[in-house]
Structure formats: structure tokens, C-alpha cells
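S.K.: how would this look folded up:
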Amino acid sequence: MNIQKMIVMMVMMGSSLCAMAENKAHIRPITLNEAIMLARVQSVNAAVALNELKTAYWEYRTFQADLLPEVNLSATLPSYAKSYNSYQQSDGSYTFVRNNYMQMSSALSIDQNIWLTGDKLSLNTSLDFMKQLDGTKDERYMSVPIALTLNQPIFGTNTFKWDRRIEPVRYAEAKANFLSETEEVTMTTINYFFNLLLAKENVSIAKQNLENAEKLYEVAKAKRKMGQISENDVLQLKLNMLNAQSDLTDYESSLKSNMFQLRSFLALGEDEELEPILPEEIPTMLVNYQDALEKALANNAFAHNIRRRQLEADYNVAKAKGNLRQITLFAQVGFTGTGERFQNAYDPLKDNQIVEVGFKVPLLDWGKRRGQVKVAKSNREVVQSRLRQETMDFNQNLFILVEQFNNQRAQLNIADEADQIAQQRYKTNVETFMIGRISTLDLNDAQVSKDEARQKHISELFYYWYYYYQLRSLTLWDFEKNTNIDADFEAIVRR
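M.R.: Reported below is the predicted structural model:
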């Protein structure tokens, strides 16, 4: 008896735990707009787009910093050496002498890259100290209170000037890419949302079909007993019932799979049972192709990408030409002083002037450098040809998309009306079958038409929203508000 009680208690506890587990999962109705907002904030795709924007932002900030003055402090505190070094004597022979000294040095410089000419201008000050630790144990100081240094490449490629043309375009491309990728996150959300919505509708249709099939089968058995229908019709209706049971099982499995997919994409917990709400209201508008093309070429990353690749191809040609010869000018003017005491290193001061002009001109390279110029020019022509083709493809794809979007509302209206007609036809056929005026084949045809019409309606609604956000992604234009899609990139990067 005690064992039976324990078994009953365990069963009751198990039932309670199952009920608690079921209660943990709560139904969450979700609209398309809510899913889109969650995806833009919580999805992995949104996080990837944000990190790509941050990378581009700091790369652009690094480029800007290269054009600003840079203050550098360098020091050696201290440097100690106790070793032998080679020494050439007056007769030309070498010997080794013992050194034992300590040295310290420091230098402060302000460096400025000049983008217009490509040179580097520096303002320097430095102080060096040396102390002999053997022999006379002398101390020496050497100062350069001020020196102006110029390092100027001549005939070479002005990298700063090219970067000043390319980097702003690259950053503009990255910002446009971020906005487009945000819209692409929306398109992915729409895809997952409507997959779940269609799966939910399929389950609902399968349940309705199963319920109807069971009722019709019971009616058919009664009619068979009265000899009103054939055995073949009864078997057909039983087969319909079994197929409906099988369809319901498949659709329920598909519903769980699609719910997991959307839930995972939105970074929601597993206890959330999403209930997608069919978006009945849609914006009514027509898009003009020329207007959309102008907006796309002004806003889309594609236009910036075209410009950047053209500039990079031109830069590669200029760099190859610059490598034909290399001439560098180095000049430094200022003052210097030296003495056994610190103050003597600054009084008196003497001129400190250095001028160097170095060059490297290939006398015989077997046409290597000129070949590099030819290669760069050929590559530029290839890039230009590809850009022309890509521009044509972009324009053509945009034209097709605009046509598809403008036609989609009519397709949606047709699908909506067909859905209503198919539902009414099936209902009428069921009633007609009850009184024995149509066959099972006609009833099955009405059911298939009903199911397909409902699925078609949801599919056409999906395409409308997908085309709409694809247009937004390409044009970066909000057609409802008639304004640019923009963002505060500084705030986005720093959040």
C-alpha cells in the first residue's frame, strides 16, 4: 500500500513539474515592426554591422590624426657601455681600446605632415650627456635648443594627398554600408517573420482540414450504411483524414523550427513562444525609377565604392610612375652647443645646418619599373571596364526592383480576393457534399485551392514588404516619410 502511495505521489509530482515547465513558456504576440526593432538592436547581424562601422570610423580618425601635429618625446635614461672598440691609429693600423662610459639623451619634437607637398616638417630640441667612468672621468653636454627639419620627397608619390582624396570616400562608403546593412537586417527579419507566419497559418489550415476530414468521414460512414455513397468514397475520405493528420504533424514540426530560427535571430529566450501578427496595413505608394536611381547614386555605398576604386586605380598608376626615380631632400637648420657643464651647452651656441639631396635613378633595370607602370595602367583600364558593367547591372537591378514593387500591390489585392473566394468556395462545397451533390474529388480540389490561396496571400504580402525594404536599402530613402535614412554615427560608434 505504501509503495502504491509513493508511486501516485511521484506521478503527481511529475505532472506538477511538467505543468510548471509548460507555464514557464509564455505566448508573446509580436508584430512585424516589433520584430524589426528587436533585430536592429539585438541580432548578431546588427552587431557585425556596428563593429564594421567602428573599424571604419577609427581608421578614418587615424587618417585625420596623420594630418595633425604630433608631439613626440624620446629618451635614453641611461645607456651604459664597458667594452672594447676598434680604433685606427695614425699609421693606419687598428687596435682595440677600452671604453667605460655612461650616456643619456632626450629629444622633444613636433612633427607635421604637409599634405599639399607630401613633406614632413619637424621642430626639434634635444640634450645629450656623456660621462667617462675611467681615466679623466670627463663629463660632456651637447644641446640642440632648436632645429627645424624638412624631409621632402621630390618627384615621388604624394601619399598624403592621395589619402586625403581616398579616405573620406572610403568612410562615406562605410557609413552608407552600415545603413544598407541595417536595412538588410530588416529584410532578413521579414524573411524569418513570414516563414513563421506561414508555418502558423499552415498549422491552422491543417487543424481545420483535419477537423473537417473527421466530420466528413463520420458523415460518409453514416451515408454508406444508408447506401447513399460508394465504399470508394468512404475510403477516399478516410485517406483524406489520415493525410490531414500527417500534414498537421509536419506543419507543427515546421512551426517549431521556424519559431526557433526567428527567436534565435532576435536573441530572445527559449521561454518565448512567439505569436506573429499578420500585418494587414501596408503603405500605398508608387516609386518613380528615375527618382529612385538619383537617390541610390547619391546615397548608396555603391556610388562611393565606384569612386573609391577609381581613385585607388589612379593612385596605383601614380605610385608606379613615382618609383621610376626617387629623389629626397633633407634639410635642417638650427643651433647647437657643447660644453663640460650644463649651462655651457647653451652658451655660446653655434649654427647647426645640414642639407642632403639623395637620389636613386635606375640605370639598368631591364624595363622592370616601366613594366610596373604598364601593369598599373592596364589594371586601371580593367577596373574602369568592370565599374561600367557594375553600374549598368546596378541600374538594371534597381529598375526591375522598382517595377516589381509597383506591381506588387496589385498582386497582393488579387491574392487577397482569391483567398476570400477560395474560402467561400470550400465552405459551399462542404455543405454541398453533405447533401450528396458533389463528389470527393470536387471537395478535395476545393480544399487544395483554399490552402494554396491562403498561402499565396501570405507569400504576396511577404514580397511586398521585402521589395519595400530592399528599395530602402538601395536608395537609403524613407519613402513613407519622404526623407533620407541617416544616423548619428558619432553617437552610434561611442555607445
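
S.K.: pull the helix or strand with minimum mean pLDDT from the chain.
M.R.: Across the helices and strands of the chain, mean pLDDT, DSSP states H and E gives its lowest value to helix 2-24, namely a mean of 44.

S.K.: what are the ranges of the strands in the protein?
M.R.: Along the chain, the segments classed as strands by DSSP state E run 26-30, 70-88, 94-114, 119-132, 139-154, 272-276, 326-339, 350-360, 477-478, 483-484.

S.K.: residues contacting residue 141?
M.R.: Neighbouring residues of residue 141 by CB atoms under 8 Å, 6 or more residues apart in numbering: 127-129, 338-342, 344-345. The way it works is simple: take the backbone N, C-alpha and C, and place the C-beta from them, glycine included.

S.K.: What number of residues are in the vicinity of the closest residue in space to residue 430 that isn't next to it in sequence?
M.R.: Using CB to CB, 6 or more residues apart in numbering and skipping residues adjacent in sequence, the residue nearest residue 430 is residue 212, 6.4 Å away. A total of 18 residues lie near residue 212 under the criterion other CB atoms under 10 Å.

S.K.: hang on, isn't residue 212 packed against residue 427?
M.R.: No: counting by CB atoms under 8 Å, residue 212 does not reach residue 427; the two are 9.8 Å apart.

S.K.: what touches both of those two?
M.R.: Joint contacts of residue 212 and residue 427 (CB under 8 Å, 6+ apart) do not exist.

S.K.: which regions of the stretch 351-495 of the chain sit below the pLDDT cut-off?
M.R.: For the stretch 351-495 of the chain, applying pLDDT under 70 flags the ranges 359, 436.

S.K.: repeat that with 90
M.R.: Applying pLDDT under 90 to the stretch 351-495 of the chain flags residues 351-376, 409, 423, 425-452, 454-455, 479-482, 485-495.

S.K.: can you give me the helices for it?
M.R.: With DSSP state H, counting those that start in this stretch, the ranges of helices along the stretch 351-495 of the chain come out as 368-434, 440-475, 489-494.

S.K.: Now do the shortest one: which elements does it pack against?
M.R.: Meaning helix 489-494. In terms of contacts (3 or more CB pairs under 8 Å, 6 or more residues apart in numbering; DSSP states H and E), helix 489-494 is packed against helix 44-66, helix 159-225.

S.K.: ok, residues contacting the first one?
M.R.: Read that as helix 44-66. The contact list for helix 44-66, computed with CB under 8 Å, 6+ apart, reads 39-40, 113, 160, 163, 167-168, 170-171, 174-175, 177-178, 181-182, 184-185, 188, 265, 267, 489, 492-493.

S.K.: tell me the angle of that helix relative to strand 94-114?
M.R.: If you take axes from the mean of the first three to the mean of the last three CA atoms, to 10 degrees, helix 44-66 sits at 110 degrees to strand 94-114.

S.K.: Next, the buried residues of helix 44-66.
M.R.: 45-46, 49-50, 53-54, 56-57, 60, 63 (16 or more other CB atoms under 10 Å).

S.K.: burial measure for residue 89, as a count.
M.R.: Using other CB under 10 Å, residue 89 has 9 other residues around it.

S.K.: isn't it right next to residue 96, touching?
M.R.: No: if you go by CB under 8 Å, residue 89 and residue 96 don't touch, sitting 11.0 Å apart.

S.K.: hmm, back to that, could I get the buried residues of helix 44-66 in TSV, plus columns for pLDDT?
M.R.: Formatted as TSV, these follow (pLDDT from 0 to 100):
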residue	pLDDT
45	91
46	91
49	92
50	92
53	92
54	92
56	93
57	93
60	92
63	91
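
S.K.: Just put those residues in CSV and tack on distance to residue 249.
M.R.: Formatted as CSV, the buried residues of helix 44-66 follow (distance: CB to CB, whole Å):
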residue, distance to residue 249
45, 32
46, 35
49, 39
50, 41
53, 45
54, 47
56, 49
57, 51
60, 55
63, 60
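
S.K.: and which of those residues is nearest to residue 224?
M.R.: residue 45 (57.7 Å; CB to CB).

S.K.: Distance of that closest one relative to residue 186?
M.R.: 10 Å (CB to CB, to the nearest Å).

S.K.: Also residue 82?
M.R.: Relative to residue 186, residue 82 is positioned 71 Å away (criterion: CB to CB).

S.K.: Show me which of the two is the more surrounded one.
M.R.: Set residue 82 next to residue 186 and count neighbours by other CB under 10 Å: residue 186 wins out with 25 against 11.

S.K.: Now do the contacts for residue 210.
M.R.: The contact partners of residue 210, taken as CB under 8 Å, 6+ apart, are 241, 244-245, 247-248.

S.K.: pretty sure residue 438 contacts residue 431?
M.R.: No: the criterion here is CB under 8 Å, and residue 438 misses it with residue 431 at 9.8 Å.

S.K.: Walk me through the domains of the protein.
M.R.: 29-67+158-325+366-495, 92-114+119-156+326-360 (automatic domain parsing).
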